[in-house]
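Visitor: This is a predicted model, with the sequence first.
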Amino acid sequence: MKKINIIFTLIATILMFACSEDLKFDEKESLPPTITDFNPKEGMVGDQITIYGENLSDAQAILIGDKKATLKYNVSQKELVIEINGENATGAISIETKHGKFTTENAFTVKTKVPSMNVANLPAKAKIGDQIMIEGTNLKAVTKVLFGETAAMIDFSSDNEVLVTVPSFLEERVDIVLTYLDAGQEKTISTEGKPFSLDIPKPTVTEFKSEALAGEVLEIKGTELLAVEKALLDGEELVMEIVDGEKLQITIPEKYTVTTENLELKLVYFNGTKELLVTNKFKVVVPEILYWENMVIYAQDPNTSDNFFDAEAGAVYTPCQVEEKKNNIFFFITNSSSSIQLNNPSTNANQIKNFRCDGVNLPKEDLPNIVKFKTLSANNASEALFIDQVKNKTLKSISQQDLTDAGVQNAGANTRRYYGEGNADNQYGIGDVILIQQFDKAGEVLKVGFIEVEGFITTDPATDKSSALKFNCYFQK
């Protein structure tokens, strides 16, 4: 029993001392702060002040005058370090904690760092985005650098140097202005006489086409084209892509429905304030023809469905659409007579019946459009003229009158056959241009066009019923 009493007595003693220590700590922490000294007694923005005293570690705010200083290091209960910022002015130092406030009797003197510039070493001009170095004294105090009224990005600063990125501004010439804080008030120093100007890249155009098709992408070559912000055609902003400093591309709007001449083409640069007139005689050409590119039609294999071509709509129809679209079909192909055969829909009912819709053969029926074919010859001067225009994509219009005036004879064939590469019996082949003419029942030409044969997809022209014809088609509007 005596041992147990001794143990309880020991535990009680330990708890009493522990409580006593907590009490002493709380009592110490609850005391208000005091400042016994600070050093130095004067300084500039960015300088540090060491404050000595008691109960300093719980500081909530430290002021020089009536503005907060920057707390740098809370060393201990008896020491802390603050830094003078641009808001501070000469005045007493105060410290606030949750337990009270203390203010020194003696004031700390804030000396203003007035920056200066070495104007003689400033460049006279630079490009937007260039970095320039401003040299001088007390430059660490600089809060902003302005070119005229436009702020620059400060990339680096020290007491003797400030590195800035030149901004874009609209004025021809500007002063460089440095701002700094004096007792919280913004002040400035500046160059005089507006000695600085932008080295503005001036685009030039050395090569361009003075006409283009509606929807065409047009290339413009020149110098300093990276400075171009937009391109205008007749006042309308164009879709533009800058390739590099010597090349850009513009897209001519597709809104034009007729050929339009004497349009102004301009390039705009330098924040939209400067323009380069490329030409005031630009021409947007709207061809009086329909053009269908990279078309494909297939022969009669049931596993294919893109079979019948509409030269007015650029559409390809399936066998199941033939009944609905019969008036719009201008030609189709079949695997027939050991060849890939191009067919006139009005005379080839025997070929049409080979196509199937939902497993059922189409009726043996001629279709309304009377279309005939003629493979043009490069050895015929009048025909070679149209071959060149088709292949070079310079054909702007086509009509029966154009053909008559050039001396081109009418088409007369209802079919054209391709037997295979190099076959002497071929009536058309890769690279050929075929004249197509639509006739009325009286034999008068209604419309004309051309097929440019791009190639064939086939395993064997003689037997492959899934063969395909790849082509471009021009047709009269």
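Guide: Now that the structure is in, tell me what you want to look at.

Visitor: can you list the weak-confidence ranges in the protein?
Guide: Along the chain, the parts satisfying pLDDT under 70 run over 1-29.

Visitor: Helices along that one, start to end?
Guide: Ranges of helices in the chain, per DSSP state H, are 2-29, 322-325, 349-352, 381-391, 400-406.

Visitor: which residues touch residue 211?
Guide: Applying Cβ atoms under 8 Å, 6 or more residues apart in numbering to residue 211 gives the contacts 282-285. Any C-beta I mention is one placed from the backbone N, CA and C, and that applies to glycine too.

Visitor: change it to 7 Å
Guide: 282-283, 285 (Cβ atoms under 7 Å, 6 or more residues apart in numbering).

Visitor: for it, which residues make a bridge with it?
Guide: residue 283 (DSSP bridges).

Visitor: Correct me if wrong: residue 33 contacts residue 55.
Guide: Yes - when contacts are counted by Cβ atoms under 7 Å, residue 33 is listed as touching residue 55 (4.5 Å).

Visitor: more neighbours, the two?
Guide: residue 33 (24 against 20; other Cβ atoms under 10 Å).

Visitor: I'd say residue 41 and residue 107 touch.
Guide: No - counting by Cβ under 7 Å, residue 41 does not reach residue 107; the two are 8.7 Å apart.

Visitor: Can you pull the residues that touch both of residue 33 and residue 55?
Guide: residue 97.

Visitor: Report the separation between residue 93 and residue 466.
Guide: As judged by Cβ to Cβ, to the nearest Å, residue 93 and residue 466 stand 94 Å apart.

Visitor: Quick check on the two: which one has the bigger neighbour count.
Guide: residue 93 (21 against 15).

Visitor: who does residue 418 bridge with?
Guide: Residues in beta-bridge contact with residue 418 (DSSP bridges): residue 340.

Visitor: hang on, I meant residue 413
Guide: residue 373.

Visitor: show me what contacts it?
Guide: Contacts of residue 413 (Cβ under 7 Å, 6+ apart): 372-374.

Visitor: about what we covered before: tell me which of residue 41 and residue 107 has more neighbours.
Guide: Taking other Cβ under 10 Å, residue 41 and residue 107 do not tie; residue 107 has more neighbours (15 against 11).

Visitor: which residues does that one contact?
Guide: Here residue 107 is in contact with 90-92 (criterion: Cβ under 7 Å, 6+ apart).

Visitor: ok, and the most crowded of those residues?
Guide: Counting by other Cβ under 10 Å, top hit in the contacts of residue 107: residue 91 with 18 neighbours.

Visitor: Check whether that one really touches residue 65, as I assumed.
Guide: Yes - if you go by Cβ under 7 Å, residue 91 and residue 65 touch, sitting 2.7 Å apart.

Visitor: and stretch 411-422, which residues are buried?
Guide: The neighbour-count check on stretch 411-422 (16 or more other Cβ atoms under 10 Å) flags 411, 413-420 as buried.

Visitor: Among the residues you listed, find me the one that's closest to residue 226.
Guide: residue 418 (50.6 Å; Cβ to Cβ).

Visitor: my read: that closest one touches residue 430, true?
Guide: No - using Cβ under 7 Å as the test, residue 418 is too far from residue 430 to be in contact (8.7 Å).

Visitor: Show me whatever sits in contact with both of the two.
Guide: residue 456.

Visitor: how many other residues sit next to residue 457?
Guide: So residue 457, with other Cβ under 10 Å, has 14 neighbours.

Visitor: got a list of what the nearest residue to it once chain neighbours are set aside touches?
Guide: Leaving out its chain neighbours, the residue that sits closest to residue 457 by Cβ to Cβ, 6 or more residues apart in numbering is residue 468, at 4.0 Å. Going by Cβ under 7 Å, 6+ apart, residue 468 touches 296-298, 456-457.

Visitor: which of those has the most neighbours?
Guide: Busiest of those [other Cβ under 10 Å] is residue 298, holding 23 neighbours.

Visitor: Spatially nearest residue to that one (excluding sequence neighbours)?
Guide: residue 304 (3.6 Å).

Visitor: Burial check on the one you found, number of neighbours?
Guide: Counted with other Cβ under 10 Å, residue 304 comes out at 18.

Visitor: that older thread, now the contacts of residue 468 in TSV, with distance to residue 218?
Guide: Shown next, in TSV, are the contacts of residue 468 (distance: Cβ to Cβ, whole Å):
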residue	distance to residue 218
296	29
297	32
298	36
456	34
457	33
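
Visitor: ok, those vs residue 309, which is closest?
Guide: When the contacts of residue 468 are compared against residue 309 (criterion: Cβ to Cβ), the nearest one is residue 297, at 5.3 Å.

Visitor: Specify the beta-bridge partners of the residue nearest the centre of the chain.
Guide: Compute the mean C-alpha point of the chain, and by Cα atoms, centre = their mean the closest residue is residue 241, 8.1 Å away. Listed beta-bridge partners, residue 241: residue 249 (assigned using DSSP bridges).

Visitor: quick one: the residue nearest to residue 152 when sequence neighbours are not counted and residue 445, what's the gap?
Guide: Residue nearest to residue 152 in three dimensions, not counting chain neighbours: residue 164, with 4.2 Å by Cβ to Cβ, 6+ apart. Distance, residue 164 to residue 445, using Cβ to Cβ: 74 Å.

Visitor: ok, now which ones touch residue 98?
Guide: Residue 98 sits next to 58, 60 when contact means Cβ under 7 Å, 6+ apart.

Visitor: Next: residue 197.
Guide: Residue 197 neighbours (Cβ under 7 Å, 6+ apart): 124-125, 172-173.

Visitor: Isn't the residue nearest to the centre of the chain up against residue 249?
Guide: Yes - contact criterion Cβ under 7 Å: residue 241 and residue 249 qualify, at 4.8 Å.

Visitor: Next up, phi/psi of the residue nearest to residue 361 when sequence neighbours are not counted, please.
Guide: Distances taken as Cβ to Cβ, 6+ apart put residue 353 closest to residue 361, at 5.4 Å, once the chain neighbours are dropped. Backbone torsions of residue 353, given as degrees, to the nearest 10, read phi -70, psi -10.

Visitor: Break down the stretch 351-477 of the chain into its strands, ranges please.
Guide: Ranges of strands within the stretch 351-477 of the chain are 356-357, 360-361, 370-375, 415-418, 433-439, 445-457, 468-476, based on DSSP state E, counting those that start in this stretch.

Visitor: Who are the packing partners of the first one?
Guide: The reference is to strand 356-357. Of the remaining helices and strands, none touches strand 356-357 by 3 or more Cβ pairs under 7 Å, 6 or more residues apart in numbering; DSSP states H and E.

Visitor: Begin at 884 from now on, thanks
Guide: Right, with 884 as the first residue, what we last looked at is strand 1239-1240.

Visitor: What lies in contact with it?
Guide: Residues contacting strand 1239-1240 (Cβ under 7 Å, 6+ apart): 1185, 1202-1203.

Visitor: Now a ChimeraX select for only the buried ones of those residues.
Guide: Selection command for ChimeraX covering only the buried members of the contacts of strand 1239-1240, criterion 16+ other Cβ under 10 Å:
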select :1202
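
Visitor: Go through the contacts of strand 1239-1240 and name the one nearest residue 942.
Guide: residue 1203 (87.2 Å).

Visitor: what residues are up against that closest one?
Guide: 1240-1241.

Visitor: any idea how far it lies from residue 1238?
Guide: 9 Å.
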